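> Take this sequence and fold it.
(one chain, ligands or ions: 1)
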Amino acid sequence: MASRRALVCSFFIIFVSIISSYDGLQEDPLNNYLEEEASGYDSRVYPSHYSTAHEDGEYFKNLVKLRSEVFSLQKVSKVGGKSTPVRTVNVRDFGADGEDDTEKFEKAWKEACSSSEGANVVVPRYTYRLKPITFQGPCKSKITLQVNGVIEASDDLSDYKEDGRHWLVFDRVQNLQVEGGGTIDGNGKIWWQNSCKVDKTLPCKDAPTAITFYESRNLVVKNLKIQNAQKMHVSFEKSKNVQVSNLTVTSPEGSPNTDGIHVTGTQNIQITDSVIGTGDDCISIVSGSKNVQASDITCGPGHGISIGSLGVHNSKDYVSGVTVSGAKFSGTTNGVRIKTWQIKTTVTKMNY
Ligand SMILES: *[C@@H]1O[C@H](CO)[C@@H](O)[C@H](O)[C@H]1NC(C)=O
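Below you'll find the predicted structure:
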């Protein structure tokens, strides 16, 4: 009898947990997504109830079953915000074929972005070519951009006449996941050759950042190769709640200004398990960025990890709450370089 009461109690707790987590998603799916992701389904609560309940084998089985149902319910509601399946949008269906795929990607994005059930934008194995393009938000629901193929930048300089500073831009997109195991290639050689840092006789001109996330929230960027950026590889600007993991970011040692991951005006960003070797900083953190964690980064060649920027006098631009742990440096000119003194920083477990 005692074990039965304990069981009722367990069921009750699990049920409350279903309701409360589902409610959270309903209230504000945009804001809650990452918090849900971080706190998740707190399985640590349950073992104590299991130990009382498992005297009765059958109830225990039911409990396990219910628990896995709770998990799958959570999975579904996390992806779509509701338990409806997400729409699949394949860029090949829009004619993407490696010629100039800019408009085709734009159309695919528009369809995905206006889908209220959420969308999975699939970029199948193949090589695609893009001019500068903006993936405009906000979108109606969560989007996953699944890059299995190779996305290559146009290296025709005239394609960058309108905006010479960006290639791929995600502008005000919330709840976006970019992943897929594919490659994003900035095709930057032509820009490096024309850099005044490489050829001192040339005037200094700006070059495009390969991927920019601007004013975006709740981002996951993982399992990708990003290489040969025209200038910086990935830049998070004025963004919030960002998880970056398992990126391989590479460009030649001599390529100018090719920071791996640049963080500016961004809050709550975790960069983990990534290999970065470029011609400039592996990671650079500037301009009011707050709560930045970098862990298990393999950095080199390059300039190391830099925090703060030189010559910033404005107090609101202070960088704060930066933690770097478990970084490995090889062939870098610096390890972690702190450029300003106004920051609270923890640097632990470094291997050189
Ligand atoms: C990391 O990303 C690569 C693709 O760049 C992928 O092949 C690999 O499976 C990923 N590793 C993990 C642990 O997800």
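
> Going by C-alpha atoms from here, please, whenever you check contacts or count neighbours.
Will do.

> hang on, residue 95 packs against residue 105?
No: between residue 95 and residue 105 there is no contact under CA atoms under 8 Å: 9.0 Å.

> neighbour-wise, which of the two wins?
Taking other CA atoms under 10 Å, residue 95 and residue 105 do not tie; residue 105 has more neighbours (25 against 14).

> Contacts only, for that one.
Residues in contact with residue 105 (CA atoms under 8 Å, 6 or more residues apart in numbering) are 91, 94, 96.

> What lies in contact with stretch 194-208?
Applying CA under 8 Å, 6+ apart, the contact partners of stretch 194-208 are 164-167, 191-193, 229-232, 256.

> Can I get the buried part of those as one PyMOL selection?
Buried subset of those, written as a PyMOL selection, criterion 16 or more other CA atoms under 10 Å:
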select buried, resi 164+165+166+167+191+192+229+230+231+232+256
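
> can I get the contacts of stretch 194-208 in CSV with secondary structure?
What follows is the contacts of stretch 194-208, written out as CSV (DSSP: H, G, I helix; E, B strand; the rest coil):
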residue, secondary structure
164, coil
165, coil
166, strand
167, strand
191, helix
192, helix
193, helix
229, coil
230, coil
231, coil
232, coil
256, coil
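
> got TSV for the contacts of stretch 194-208, with distance to residue 101 too?
Formatted as TSV, the contacts of stretch 194-208 follow (distance: CA to CA, whole Å):
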residue	distance to residue 101
164	19
165	20
166	17
167	13
191	21
192	24
193	26
229	19
230	19
231	22
232	22
256	28
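
> residues near residue 253, how many?
Per other CA under 10 Å, the neighbour tally for residue 253 reads 17.

> With residue 119 instead?
Neighbourhood size, residue 119 [other CA under 10 Å]: 27.

> still on that earlier bit, from the contacts of residue 105, list the buried ones, please.
Buried members of the contacts of residue 105, scored by 16+ other CA under 10 Å, are 91, 96.

> closest to residue 221 among the contacts of residue 105?
Taking CA to CA as the measure, residue 221 sits nearest to residue 91 out of the contacts of residue 105, at 19.4 Å.

> My read is that the closest one contacts residue 120, right?
No: using CA under 8 Å, residue 91 is not in contact with residue 120; the gap is 10.6 Å.

> Any residue of the helix or strand hosting residue 242 touching the ligand?
Residue 242 is part of strand 240-250, with elements assigned from DSSP states H and E. Yes: with CA under 6 Å from any ligand atom as the criterion, the ligand is reached by strand 240-250 at residue 246.

> Now do that strand: everything it contacts.
Counting by CA under 8 Å, 6+ apart, residues outside strand 240-250 touching it are 34, 215-228, 233, 260, 266-278.

> Do me a favour and average the pLDDT over that strand.
Mean pLDDT, computed over strand 240-250, is 98.

> What pairs with the helix or strand following it, parallel or antiparallel?
Per DSSP H and E, the first helix or strand lying C-terminal to strand 240-250 is strand 261-264. Strand 261-264 has the following strand partners under DSSP bridges: strand 234-237 (parallel), strand 281-286 (parallel).

> any idea how far residue 219 is from whichever residue of the stretch 51-200 of the chain sits closest to the ligand?
Nearest residue of the stretch 51-200 of the chain to the ligand, counting by CA to the nearest ligand atom: residue 181, 3.7 Å away. Separation of residue 181 from residue 219 (CA to CA, to the nearest Å): 17 Å.

> helix or strand for the residue of the stretch 201-350 of the chain found nearest the ligand, which one?
Closest approach between the stretch 201-350 of the chain and the ligand, counting by CA to the nearest ligand atom: residue 223, at 3.5 Å. Here residue 223 sits within strand 217-227, counting by DSSP H and E.

> Restricting to C-alpha, output that strand in CSV.
Listed next in CSV are the C-alpha coordinates belonging to strand 217-227 (Å, rounded to 0.1, in the frame of the first residue of the first chain):
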residue,chain,number,x,y,z
ARG,A,217,17.9,35.1,-30.3
ASN,A,218,17.9,31.5,-29.3
LEU,A,219,20.4,30.2,-31.8
VAL,A,220,22.1,26.8,-32.1
VAL,A,221,25.0,26.5,-34.5
LYS,A,222,26.7,23.1,-34.6
ASN,A,223,28.3,20.3,-36.6
LEU,A,224,29.6,22.4,-39.5
LYS,A,225,32.8,23.2,-41.3
ILE,A,226,33.3,26.9,-42.0
GLN,A,227,36.3,27.8,-44.0
